[in-house]
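**Student:** with the sequence up front, the predicted model follows.
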Amino acid sequence: MVGAVLSLSLLTAACGDDDSTVGSGSDGTSDGTGVEVPDREPDLVGTITVVTPFVPITEDCVPADEDDPDGTTSNEDPPICTPADNDVLGTILVEGDVRPEQGRKISYTVTTGTTITGTADGAGIGAFADFVEGQLAETWATGPCAESYPEQCTLAAIRVTG
């Protein structure tokens, strides 16, 4: 019995409550809000220069399941309807250097799975609607990126810093 109690005590001490750095910002992965960002250097630190909310196509369109994948398409055809399970919120352009054709620029697709955190002008940032042109941000991409100029990536996480 004494051995069991001692084992349980040691296990509890070893596992413990390890949440002391979560949300404190001391581990480099959180901004103090408790929202975690990837544990690596940001892919781009820069200025948000364009914010474009996604507008779904729901009228005068062809449902995706009715479109013939082997058929012909012209610019006269109606667009394909946005699927009901679409998770895109919009896009943002982040520029490492805001001078035209200078520095790295990434057009990010922001989805419902994107981690959004930070503060700007004393207010917390936590939703796509909180983005404003001119904000400074650290960004992390996920998945493959199109190597165009600007690059095109899906945004895993963003921390607005000012």
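**Tutor:** Sure, I can see it. Note that this is a predicted model, so its numbers are computed, not measured. Residues are numbered from 1 along each chain as shown.
**Student:** all helices in this structure, in order from the N-terminus.
**Tutor:** Counting by DSSP state H, the chain has these helices, from start to end: 2-15.
**Student:** middle-most residue in it, spatially?
**Tutor:** With distances taken as CA atoms, centre = their mean, Thr114 lies nearest the centre of the chain, 3.1 Å away.
**Student:** from Phe131, how far off is that one?
**Tutor:** Distance, Thr114 to Phe131, using CB to CB, to the nearest Å: 11 Å. Where C-beta positions appear, they are placed from N, C-alpha and C, glycine not excepted.
**Student:** do Ile80 as well
**Tutor:** 27 Å.
**Student:** higher neighbour count, the two?
**Tutor:** Phe131 (22 against 15; other CB atoms under 10 Å).
**Student:** residues contacting the residue nearest to the centre of the chain?
**Tutor:** Neighbouring residues of Thr114 by CB atoms under 8 Å, 6 or more residues apart in numbering: 89, 154-158.
**Student:** what's the answer for Pro53, then?
**Tutor:** 89-90, 128-129.
**Student:** show me what it is bridged to.
**Tutor:** Pro53 has these beta-bridge partners by DSSP bridges: Gly90.
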